[in-house]
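Peer 1: Quick one, what's the 3D model for this:
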Amino acid sequence: MGEPNPEQEDAEQPQSGEVVPATAQTRAFATLWDALKIDRDIAFDATIRPTFVARTEAHEADQTRRTEPQRESGITIATLPRLSIDLRLPDARAALATEVGGDIVITGILGEGGMGRVFSAHQRSLSREVAVKTVHDHFTRSDIADALVTEGLITGHLEHPNITPVHQLGIDGRGRPLLVMKRIIGTVWADLIQNPNHPEWTKLDPKGGDRLQKHIEVLMQVTNGVAFAHSRNVVHRDIKPDNVMIGEFGETYLCDWGIAAKLPIEEGAGLVGTPSYLAPEMLDPNGEIGPWTDVYLLGGTLHTILMGTPRHEGTDVKAVLERAFESEPVDYPESVPRELAELANRATSQDPTARVQTAFEFREALAAYLSHETSRTLSRAATERLPAFGATAPVERAEALRKLIECRFGFAEALKAWPENEEAQVGFECAMALQLELEMANENVAGARSVLAEMEEPDAALSERVDALAKKLAARSEDAASLHKIRYEQDASVGASARTMLILVLLTIGGTMTVVLGGAKLAGASNESAIMRISPLATILIATSLGFWIGRKQLLQNQIGRRMAALVLGAMTLELVHRIEGFLAGVPAHQVMLGDTLIPCAATAAGALFLSRSWLLPAAALLAASILMLVVPSLTEPLFVAAHMAIFIFIAFVWGKAGKRKN
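Peer 2: Predicted coordinates:
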């Protein structure tokens, strides 16, 4: 084993902004801890002031050699004016039975620390309540008195609505410094953070709104005061919720500027600040302090708002300071808004150059978050209304589609207010995907393609699914069209009214012909003449043909209509041909009528086979009439007329019934 290499040891020390292994960081902190010599009993949330730190002998020797501090203003304790003030408490004044003197009269104690007290007081000349800060009676060390003077000079130099106003800086009759400030009647911000049910919330937020938003608004006001201080080259170095007061009407004040310093800060000033909030460079004796240090403290304060606890926690002050020294990024839960989580981690980066660069920039980031709140509210509301896909009933799908359209509108409005809203973007894409599925379930190709067109980069598989659905529906449409055509061609109701009208006309003609022929027969005309045997059927055939021609658009527009026309005209034509042949062959009229009856019998039987079974009834009637004609030849003529009239009546009834079914 050889001697340690100093150069190697120096190489292991963490450099500014450099990410080093944890073991090297641990060794670096151990060295730093030994140099600090801090009392382990110091409270984590208490402010470490220069007088609290056990400094090295060299540093203490240097402190004893110090005399009056040199200030740009040239003001020293000796040059401060004497204030007219009675520092005795009311009980002490009454016990001494002396009259109250001085313009400022103490009325009570507001707080007390290791170095001094803060009194409540009444200023007679202006009739107002003030706060008076001074050192303890037993303190005679000049550095403590100087610290109070420095605080007064710095705070008095910073006239800003978010910084506690200083009314006067002077000394009392014993030469002790006095700092007269505005008395703030209100609540410590830390109490409101720790207690959501704090009574003061009823005043600050009577409507019970978003508490996080209220805290961010307070932090923005604090940041305003910090940014102003930085513009005057002053850093606070102790920003935390305990040092912020919220007034009765919501006014915000950043208080306790006791360790604030004017830049640049002299070397060897020692460790100051609150352990649970310290920036890494505040631990390093050679660390450079600047506005970026206050930015870190603002980030730590934001962490407390988000988590309810300080950023640096541990079992003892050493562990807390080691956490501050390392400043590892925090893995915030999902309940914390990502925008604020990223800001908190960025502002509290170990590397000062990686932080938000200015307090103003930090404030702008908070303002951006608040400006995005409307967008976030819209997107959250739309997300809560997103329906779960899975409904199969058409009514349920229609309701789900309606809700999806409303959600898409909400997400669109959220993105309009804040285009970078990732939650709204994800929600919008989810709503579109669900709407696409519903449109597909509803077999709405046009709607599905409309949704695809709105997607920035739709998946090729989705386009293929929509195309496949379109082809499926097209094929189904073709099948439906074919089926519809088949049904249409076989629909007896098509043209039924026109056929009924034609039958009525033919019945009228047939009845007229029967009357005319009957009269001619009574006048002596013979049944065997050509006129008596051929002209009636020829007349009816011609009338029927003309009727089909005139009403062809209605009567012949489908297949069953054309078949009916062909059947009727074919049967009539065969009858006419049969009659002509019988006449020419000299066949007796009653025998020809028998054959004429069998022809429509065969035609109606064919109608029962190709059109409707109801045609069996007239076929059976005609067959029965033919048989009767053979048995009783004398009844041939009346049976012939009655059978043919029955056929026409039957056809009129069947066609008329088909028309009523359609209507």
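
Peer 1: next one: the longest helix that the chain contains to chain centre, how far?
Peer 2: Longest helix of the chain, by residue count under DSSP state H: helix 460-489. Chain-centre distance of helix 460-489: 36 Å, with Cα atoms, centre = their mean, to the nearest Å.

Peer 1: Need the mean per-residue confidence for that helix.
Peer 2: Mean pLDDT, helix 460-489: 87.

Peer 1: Tell me which other helices or strands it touches.
Peer 2: Applying 3 or more Cβ pairs under 8 Å, 6 or more residues apart in numbering; DSSP states H and E, one finds that helix 460-489 contacts helix 422-441, helix 445-454. C-betas here are computed from N, CA, C, even on glycine.

Peer 1: Helices along the stretch 101-250 of the chain, start to end?
Peer 2: Counting by DSSP state H, counting those that start in this stretch, the stretch 101-250 of the chain has these helices, from start to end: 142-157, 189-194, 201-204, 211-231.

Peer 1: Kindly export the longest one (C-alpha atoms) in CSV.
Peer 2: Read that as helix 211-231. What follows is helix 211-231 as a C-alpha-only set of coordinates in CSV (Å, rounded to 0.1, in the frame of the first residue of the first chain):
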residue,chain,number,x,y,z
ARG,A,211,-56.4,25.0,-2.3
LEU,A,212,-53.4,24.3,-4.4
GLN,A,213,-54.3,27.1,-6.7
LYS,A,214,-54.5,29.5,-3.7
HIS,A,215,-51.1,28.3,-2.5
ILE,A,216,-49.6,28.9,-5.9
GLU,A,217,-51.1,32.4,-5.9
VAL,A,218,-49.4,33.1,-2.5
LEU,A,219,-46.1,31.7,-3.8
MET,A,220,-46.3,34.0,-6.8
GLN,A,221,-46.7,37.0,-4.5
VAL,A,222,-43.7,35.8,-2.5
THR,A,223,-41.7,35.5,-5.8
ASN,A,224,-42.7,39.0,-6.7
GLY,A,225,-40.9,40.3,-3.5
VAL,A,226,-37.9,38.0,-4.1
ALA,A,227,-37.6,39.2,-7.7
PHE,A,228,-37.7,42.8,-6.5
ALA,A,229,-35.0,42.1,-3.9
HIS,A,230,-32.8,40.6,-6.6
SER,A,231,-33.2,43.7,-8.7
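
Peer 1: so which of the helices of the stretch 101-250 of the chain comes closest to L576?
Peer 2: Closest to L576 of these, according to Cβ to Cβ: helix 211-231, at 100.3 Å.

Peer 1: so that closest one versus helix 142-157, what angle?
Peer 2: 100 degrees (axes from the mean of the first three to the mean of the last three Cα atoms, to 10 degrees).

Peer 1: do you know how far Q168 is from D103?
Peer 2: 10 Å (Cβ to Cβ, to the nearest Å).

Peer 1: Adding mean pLDDT, distance to E422 and mean neighbour count, write the helices of the stretch 101-250 of the chain out as a markdown table.
Peer 2: A markdown table is the format used below for the helices of the stretch 101-250 of the chain (pLDDT from 0 to 100; distance: least, Cβ to Cβ, whole Å; neighbours: other Cβ atoms under 10 Å):
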| stretch | mean pLDDT | distance to E422 | mean neighbour count |
| --- | --- | --- | --- |
| helix 142-157 | 85 | 42 | 20 |
| helix 189-194 | 95 | 27 | 18 |
| helix 201-204 | 84 | 31 | 15 |
| helix 211-231 | 96 | 18 | 20 |
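
Peer 1: and of the ones you listed, who's closest to D316?
Peer 2: helix 189-194 (21.6 Å).

Peer 1: what does that closest one contact?
Peer 2: Here helix 189-194 makes contact (Cβ atoms under 8 Å, 6 or more residues apart in numbering) with 198, 200-201, 204, 215, 218, 240-242, 244-246, 252, 304-305, 308.

Peer 1: if you set the cut-off to 10 Å instead, what comes out?
Peer 2: Applying Cβ atoms under 10 Å, 6 or more residues apart in numbering, the contact partners of helix 189-194 are 45, 188, 198, 200-201, 204-205, 211, 214-215, 218-219, 222, 240-246, 252-255, 301, 304-305, 307-310.

Peer 1: Sketch out the low-pLDDT regions of the stretch 351-500 of the chain for me.
Peer 2: The stretch 351-500 of the chain contains residues with pLDDT under 70 at 388-395.

Peer 1: low pLDDT regions in the stretch 201-350 of the chain?
Peer 2: 267-269.

Peer 1: quick revisit: mark which of the contacts of helix 189-194 are buried, thanks.
Peer 2: By neighbour count, with 16 or more other Cβ atoms under 10 Å, the contacts of helix 189-194 hold 188, 200-201, 204, 214-215, 218-219, 222, 240-246, 252-255, 301, 304-305, 307, 310 as buried.

Peer 1: was I right about P352 contacting P280?
Peer 2: Yes: using Cβ atoms under 10 Å, P352 is in contact with P280, at 8.3 Å.

Peer 1: For the most centrally placed residue in the chain, list the residues it contacts.
Peer 2: In the chain, the centroid-proximal residue (Cα atoms, centre = their mean) is S379; its distance is 2.5 Å. Each residue near S379 by Cβ under 10 Å, 6+ apart is listed here: 372, 407, 410-411, 413-415, 417-418, 421-428.

Peer 1: Show me how to select, in PyMOL, the buried members of those.
Peer 2: Buried residues within the contacts of S379, by 16+ other Cβ under 10 Å, are selected in PyMOL with:
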select buried, resi 372+407+410+411+414+415+417+418+421+423+424+425+427+428
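
Peer 1: give the contact list for M440.
Peer 2: By Cβ under 10 Å, 6+ apart, the contact list for M440 reads 447-448, 451, 462, 465-466, 468-469.
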